[in-house]
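Participant: Here is a sequence together with a model predicted from it:
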Amino acid sequence: MNEHLSQKIFPTTQLEDADGEGHNSSTNPTMGEIISKRFSRRNFLQGSLAVAAITATVSPVALMTAEKARAAGKSAFSFTEVEAGVDADHHVAEGYNADILLRWGDALFPDSPAFDPKNQTAEAQSRQFGYNNDYVGYIPLEGSSEHGLLVVNHEYTNPHLMFPGLVSIVDGKIKQARLSKEQVDIEMAAHGGTIVEIRKVDGRWQVVPEGKYNRRITTMTEMQLTGPAAGNERLKTSADGTGTKVIGTMNNCAGGVTPWGTYIMAEENFHGYFSGDLPEGHKEAANYKRYGVPEGAYEWANFYDRFDLAKEPNEPNRFGWIVEVDAMDPTSTPKKRTALGRTKHEGAASIVSKNGRVVFYLGDDERFDYVYKFVTEGTYNANDRAANTDLLDSGTLSVAKFAEDGSLQWLPLTFGEGPLTTENGFASQADVLIETRRAADLLGATKMDRPEDVEPNPVNGKVYLMLTNNTNRKAEQVDAANPRAKNAFGHIIEISEDDGEFAAASGKWEVLLKCGDPAVADVGASFSTDTTKNGWFGMPDNCSIDSAGRLWVATDGNNNKATGRTDGLWAVDTEGEARATSKLFYRVPVGAELCGPLLVPGDETAFVAVQHPGDGGDDWSGHGRPSYYEDLSTRWPDFKDDMPVRPAVVAITKIGGGKIAV
């Protein structure tokens with residue numbers, strides 16, 4: 001996630017720049033070094049790679065001339081682009097509706113209290129839609145693309161935007177007061193996830209409050225640890241001597257829906273919730289340092305001992321997992337599936353391989369960290385949902401190693417193999433999974449530039465990896481063929497697994513896009529020349545593959561200072577002569593990030609999550625100062641004086657009906 005100016009002003013809020021400075025001190029090569037060496041060994045690179053490699057040495061005019069024939073091909077997307085920019089509202093392509101479906105505080109049950117921002121309670125929040133919606137998934141009911149369950153992650157909270165009276169100006173300086181226990185409890189209730197029934201009526205989506213599957217999952221929901229690490233001594237606390245029960249989940253970023261229809265919540269920046277110091281000489285010290293624990297961005301330890309390392313030193317080991325929820329059973333206990341490893345998970349997109357095993361792709365969102373893949377031991381049974389219940393408890397977790405020649409190896413994180421032995425401090429597979437990052441370090445995995453969403457494409461057989469940015473990359477790690485020192489704009493990698501088998505142990509990789517303004521030669525962006533001034537973007541974060549196999553990219557970090565535009569949703573061509581052409585379809589209000597893009601089967605609806613709107617505006621002429629509850633840069637989506645800014649899920653449909661962008 002990208003740093004926002006207001007988070008520098010309000011230090012007690014969750015720092016969404018939780019990728020921080022990076023906690024990987026291994027000597028493994030970075031992706032920048034790999035790309036640089038690869039480019040320097042090739043005399044001519046085809047497609048978008050060519051532009052990225054030679055921008056530093058060839059004039060923009062020459063590039064345009066050479067590229068124009070390739071860029072002239074027909075795009076797979078048909079719509080009139082939105083104009084890039086910054087203002088207080090959202091904007092969608094001409095001919096489309098962008099309807100607010102769910103806002104922070106909206107009712108989810110018949111007995112949910114009305115949203116009252118000046119009189120919030122944790123009890124009310126637990127019956128209302130949570131804060132900062134991120135991942136959005138859809139589980140059809142009876143196979144319908146117009147009636148199903150919407151599953152949504154609630155990643156984190158922004159107290160300065162949520163609570164009145166918290167921020168004051170003293171001697172010209174902005175200060176934020178400490179949170180009360182009630183405010184902390186509201187924060188805890190606003191985290192987690194939402195499962196809610198929705199239905200399309202007369203072309204517009206509606207929430208069904210009486211839906212029997214409706215559910216809120218929070219930091220107070222009891223969960224079960226399963227898989228190889230469950231019951232390990234390192235997961236036991238004073239509240240749970242078995243090491244198998246956890247209260248709650250938090251910082252749920254991107255996620256997924258499994259082929260058998262369960263909801264995946266990925267725990268990302270868990271380190272920010274812990275405070276205090278480990279006892280002197282504690283055995284978890286090195287482990288926690290690798291994950292940046294404790295950061296102390298939240299004040300929860302002031303009221304709950306489990307977030308204080310001095311009182312519960314094992315508690316952080318119980319977070320950073322993939323959580324599976326049976327959305328069809330609102331009484332079910334969510335399960336933290338330890339077989340998929342413990343990292344700062346950005347997501348968990350899955351696909352059934354040719355051999356019937358289910359493959360999950362996982363990004364670890366921090367500068368210089370890794371990309372992972374999990375392949376189930378068992379095979380998927382499409383005719384028996386119950387037979388898939390525990391598929392995620394056994395399988396092989398691997399980490400990616402990208403080579404200079406464009407090849408890719410998936411290295412298994414298996415206890416007893418290679419360096420993952422007792423000599424290196426691993427006593428069992430549980431240790432390997434609890435310390436997934438250290439295990440990957442020892443295997444020599446490739447350091448990446450903040451790997452976030454990783455999405456397999458069932459239509460063309462490729463895998464798309466979003467790398468948001470890495471401003472810490474040093475100049476000596478790049479050369480003329482890869483001019484991306486202090487990589488501010490990120491890039492997208494396209495992976496082709498061997499023989500088109502997603503479960504393969506090896507594959508090939510290519511750079512689809514290097515992001516940023518292509519008009520600035522030093523940036524080295526590689527959009528095709530058919531990409532307009534509105535079509536380029538920086539900081540790719542989440543992505544989605546629609547039914548036709550087309551790629552949609554959501555961004556995090558565009559703002560007036562960095563790019564002169566807000567974040568949004570871009571349609572990106574990946575095939576044919578239009579490859580690397582991008583078009584802006586939807587943009588968010590000032591201060592917001594776009595998350596969770598989802599094309600519902602049939603491609604007649606796109607759901608998007610607008611997260612932390614109004615969290616910024618210092619460098620926008622329409623506001624020009626810090627944004628907080630009493631002085632907001634936008635009051636989207638209500639635009640009422642008595643309502644604060646509210647994160648929301650938006651349903652985008654074509655006016656008159658029909659498929660999107662066709």
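Facilitator: Good, I have the coordinates.
Participant: ok, and Val649, which helix or strand is that part of?
Facilitator: Element membership for Val649, per DSSP states H and E: strand 648-654.
Participant: So Phe360 lies in a strand, does it not?
Facilitator: Yes. The assignment for Phe360 by DSSP: H, G, I helix; E, B strand; the rest coil puts it in a strand.
Participant: residues near it, how many?
Facilitator: Per other CB atoms under 10 Å, the neighbour tally for Phe360 reads 26. C-betas here are computed from N, CA, C, even on glycine.
Participant: And stretch 404-414, how far out from the chain middle?
Facilitator: Taking CA atoms, centre = their mean, to the nearest Å, one finds stretch 404-414 lying 23 Å from the centre of the chain it belongs to.
Participant: Pull up the distance across it, start to finish.
Facilitator: Taking CA to CA, to the nearest Å, the span from the opening residue of stretch 404-414 to its closing residue is 25 Å.
Participant: go on, stretch 274-283?
Facilitator: End-to-end for stretch 274-283, by CA to CA: 17 Å.
Participant: swap in stretch 433-450?
Facilitator: Stretch 433-450 end-to-end distance (CA to CA) = 20 Å.
Participant: Repeat that for stretch 573-582.
Facilitator: Stretch 573-582: ends 6 Å apart by CA to CA.
Participant: try stretch 80-94
Facilitator: Span of stretch 80-94 from end to end, CA to CA: 6 Å.
Participant: partners of the strand holding Val649 in the sheet?
Facilitator: strand 96-103 (antiparallel), strand 606-611 (antiparallel) (DSSP bridges).
Participant: which stretch among the ones you listed comes nearest Asn302?
Facilitator: strand 606-611 (25.8 Å; CB to CB).
Participant: what does the closest one contact?
Facilitator: By CB atoms under 8 Å, 6 or more residues apart in numbering, the surrounding residues in contact with strand 606-611 are 90, 101, 132-136, 138, 150, 152, 155, 552, 554, 569, 585-586, 588-589, 592-600, 636-637, 647-653, 660.
Participant: can you check stretch 276-288 too?
Facilitator: Against stretch 276-288 from outside (CB under 8 Å, 6+ apart): 234, 271, 294, 301, 308-311, 313-314, 316-317, 434-435, 438.
Participant: in that stretch, what counts as buried?
Facilitator: Neighbour counts over stretch 276-288 (16 or more other CB atoms under 10 Å) mark Leu278, Glu284, Asn287, Tyr288 as buried.
Participant: do stretch 516-523 as well
Facilitator: Applying 16+ other CB under 10 Å to stretch 516-523 flags Gly516, Asp517, Pro518, Ala521, Val523 as buried.
Participant: Farthest pair within the residues you listed?
Facilitator: Going by CB to CB, the pair spanning the buried residues of stretch 516-523 furthest: Gly516 and Ala521, at 10.7 Å.
Participant: which ones are touching the nearest residue to Tyr304 once chain neighbours are set aside?
Facilitator: In this structure, Tyr304 finds its nearest non-sequential neighbour in Val184, 7.9 Å apart by CB to CB, 6 or more residues apart in numbering. Residues near Val184 by CB under 8 Å, 6+ apart: Tyr298, Glu299, Trp300, Asn302, Phe303, Tyr304.
Participant: Could you identify which of those has the most neighbours?
Facilitator: Highest count within those by other CB under 10 Å belongs to Tyr298, 27 neighbours.
Participant: what's the residue nearest to it when sequence neighbours are not counted in contact with, if anything?
Facilitator: Using CB to CB, 6+ apart and skipping the chain neighbours, the partner closest in space to Tyr298 is Tyr273 (4.8 Å). Applying CB under 8 Å, 6+ apart to Tyr273 gives the contacts Met250, Asn251, Ala297, Tyr298, Trp300, Phe307, Phe319.
Participant: Need those residues in a markdown table (columns: pLDDT and distance to Val257).
Facilitator: Listed next are these as a markdown table, based on pLDDT from 0 to 100; distance: CB to CB, whole Å:
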| residue | pLDDT | distance to Val257 |
| --- | --- | --- |
| Met250 | 98 | 20 |
| Asn251 | 98 | 19 |
| Ala297 | 96 | 29 |
| Tyr298 | 98 | 29 |
| Trp300 | 98 | 29 |
| Phe307 | 98 | 30 |
| Phe319 | 98 | 22 |
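Participant: for these, which one is nearest Leu397?
Facilitator: The closest of the contacts of Tyr273, once distances to Leu397 are taken by CB to CB, is Phe319, at 17.5 Å.
Participant: any idea how far the closest one lies from Leu141?
Facilitator: 32 Å (CB to CB, to the nearest Å).
Participant: for Ile217, same thing?
Facilitator: For Ile217 relative to Leu141 (CB to CB), the value is 19 Å.
Participant: more crowded one of these two?
Facilitator: With neighbours defined as other CB under 10 Å, Ile217 and Leu141 compare such that Ile217 has more, 26 against 15.
Participant: For the buried residues of stretch 276-288, work out which two are farthest apart.
Facilitator: Leu278 and Asn287 (10.0 Å).
Participant: Do a quick rundown of the helices in the chain.
Facilitator: With helices called from DSSP state H, the chain shows them at 5-9, 31-40, 47-54, 60-71, 122-125, 159-162, 181-190, 285-291, 429-434, 436-443.
Participant: Any regions of the stretch 401-550 of the chain where pLDDT drops low?
Facilitator: By pLDDT under 70, the weakly predicted segments of the stretch 401-550 of the chain are 476-485.
Participant: about what we covered before: out of the contacts of strand 606-611, which are inside strands?
Facilitator: Mapping the contacts of strand 606-611 onto strands (DSSP state E) picks out 101, 133-136, 138, 150, 152, 552, 554, 569, 585-586, 593-599, 648-653.
Participant: Need the distance between the two termini of stretch 234-246.
Facilitator: 13 Å.
Participant: Now do that stretch, average pLDDT.
Facilitator: Averaged across stretch 234-246, the pLDDT comes to 98.
Participant: any residues touching it, and which ones?
Facilitator: 222-226, 229-233, 247, 284, 306, 312, 314-315, 317-319, 336, 430-431, 434.
Participant: can I assume Gly211 is in contact with Leu150?
Facilitator: No. Using CB atoms under 8 Å, Gly211 is not in contact with Leu150, being 10.0 Å away.
Participant: any residues in contact with both of these two?
Facilitator: Joint contacts of Gly211 and Leu150 (CB under 8 Å, 6+ apart) are Val196, Glu197.
Participant: So for those two, which sits in the more crowded spot?
Facilitator: Each of Gly211 and Leu150 has its neighbours counted (other CB under 10 Å); Leu150 has more, 25 against 20.
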